[in-house]
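J.: sequence below, structure please.
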Amino acid sequence: MSDSLPCIVLAAGGTGGHIFPAEALARELLGRGYQVALITDKRGARFSDDLDIPVYRVRASSLGKGFIGKVISIAEMGIGVLQARWKLAKLKPAAVVGFGGYPSVPALYAATQMNIPIVLHDQNALLGRANLAMMGKARAIATSFPSVGGVKASTDMQLVYTGNPVRPAFVALRSQPYQALGESDPMRILVLGGSLGARVFSYVVPQALALLPQTMKRRIVIAQQCRKEDLEAARSAYAAAGIDAELSTFFSDVPDRMAEAHLVICRAGGSTVAELTVTGRPSILVPYTGGHAGEQTRNAEAIAEAGGAWLIPESAFTPESLAVRLESVMALPSSLTKTAAAARALGKVSAADNLADCVEGAIKSSAIKG
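T.: Residues are numbered from 1 along each chain as shown. Reported below is the predicted structural model:
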């Protein structure tokens, strides 16, 4: 990397929930003239192909089970910290920004050892474990929600509500208004199962639609993401219900599909919620129950309490309960329009810009404190 421009290192886990906001910040920082590098682990994803950013991989591991598992995890992290120190010594970054996930920890910990300021960004309404571990060393914590659980006040740390940066394709849809559902219009439903727990959607959604009155059932136009092992069962269920559904394990055009949808049924991960609010689309949120301390439930509650979504806990997510909700919104389509407007009001389209400002502020603060 050239020595003429300052470098900022981003440290993130490899899932989309961590990578997408990191990529959005990378674009903003590049536009401001910074150099950017990404540090992740061997499973970490790359940024989009149009971003020519160096990616460095270091060893990392979540805390294993049992004594042996814990020893191996600690050893992996120790090696990762040494690798990260070597990378940071060559890059000489002005700051390291962590986006959560255990692969972010080695770079963040190494930065604190080298007196490099760190900034943490959390995508959820409840601080994740990696950020909790590094919170005491951070110059600033940037949050995606106005109120975030787990954050402890510190005289040396700034808490900044930036919002959660989303990909440019979703930002571009901000100006595309929600298409109100007419009383006899086809109702477009998008179901996004995500990489975890999609099986519950593959079972519940087709069965719920089968329970709708025939006049409503004929109006349904549905596109659903399913796990590969669930495709045939879901396809058979839709066929038995007389519903022509578009099913796939992956949709490459999610922004466009979300823009066209009258209703989205999905999990409540931080990035998903941010995309729904930026685009202003109503949703039924079914939080994944296997997350850390109910972070998806906290996300869904924050949106639902503001009127921007309907929350159905997975324990209550049955064909009958979903059918009742769908019949209600189809009978009263103005509720969809109202919920879409409430979701849009929560969207932080300037989140990447806000986060870049937060990072620059932390760098300046660090320089003043010497």
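J.: residues touching the residue nearest to residue 127 when sequence neighbours are not counted, list them.
T.: By the measure of CB to CB, 6 or more residues apart in numbering, the closest residue to residue 127 outside its immediate chain neighbours is residue 150, 3.4 Å from it. Backbone N, C-alpha and C define where each C-beta goes, glycine included. Neighbour list for residue 150: 126, 127, 132 [criterion: CB atoms under 8 Å, 6 or more residues apart in numbering].
J.: burial of the last one, as a residue count?
T.: When neighbours are defined as other CB atoms under 10 Å, residue 132 has 18 of them.
J.: closest to residue 56 out of the contacts of residue 150?
T.: Taking CB to CB as the measure, residue 56 sits nearest to residue 132 out of these, at 24.3 Å.
J.: what pLDDT is listed against that closest one?
T.: On pLDDT, residue 132 comes in at 92.
J.: mind checking the SS state of it?
T.: Classification of residue 132 by DSSP: H, G, I helix; E, B strand; the rest coil places it in helix.
J.: first-to-last residue distance for stretch 142-162?
T.: End-to-end distance of stretch 142-162 (CA to CA, to the nearest Å): 6 Å.
J.: I'd like the average pLDDT over that stretch.
T.: Rounded mean pLDDT across stretch 142-162 is 85.
J.: about what we covered before: ok, so of the contacts of residue 150, who is nearest residue 207?
T.: Relative to residue 207, and with distances defined as CB to CB, the nearest of those is residue 126, at 31.3 Å.
J.: wait, that closest one sits on residue 294?
T.: Yes. Using CB atoms under 8 Å, residue 126 is in contact with residue 294, at 6.9 Å.
J.: so for these two, which sits in the more crowded spot?
T.: Neighbour count, other CB under 10 Å: between residue 126 and residue 294, residue 126 has more, with 22 against 18.
J.: would you mind measuring from residue 308 to residue 142?
T.: 21 Å (CB to CB, to the nearest Å).
J.: who's more crowded, those two?
T.: With neighbours defined as other CB under 10 Å, residue 308 and residue 142 compare such that residue 142 has more, 29 against 26.
J.: confirm that the more buried one sits in a strand.
T.: Yes. Checked against three-state DSSP, residue 142 lies within a strand.
J.: so it touches residue 120, yeah?
T.: Yes. The criterion here is CB under 8 Å, and residue 142 meets it with residue 120 at 6.9 Å.
J.: so how far is the least confident helix or strand in the chain by mean pLDDT from its chain's centroid?
T.: None of the helices or strands of the chain scores lower by mean pLDDT, DSSP states H and E than helix 66-91, at a mean of 86. Computed by CA atoms, centre = their mean, to the nearest Å, the chain-centroid distance of helix 66-91 equals 26 Å.
J.: before we move on, what about stretch 23-32?
T.: Offset of stretch 23-32 from its chain centre (CA atoms, centre = their mean): 18 Å.
J.: mind listing what's buried in the helix or strand encompassing residue 25?
T.: Per DSSP states H and E, residue 25 falls inside helix 16-31. Using 16 or more other CB atoms under 10 Å as the test for burial, helix 16-31 gives 16-29.
J.: by contact count, what packs against that helix?
T.: Helices and strands touching helix 16-31, by 3 or more CB pairs under 8 Å, 6 or more residues apart in numbering; DSSP states H and E, are strand 7-11, strand 35-40, helix 270-279, helix 351-369.
J.: so how far is the first residue of stretch 298-315 from its last?
T.: End-to-end distance for stretch 298-315: 16 Å, by CA to CA.
J.: over to stretch 8-17?
T.: Its start and end residues considered, stretch 8-17 measures 20 Å (CA to CA).
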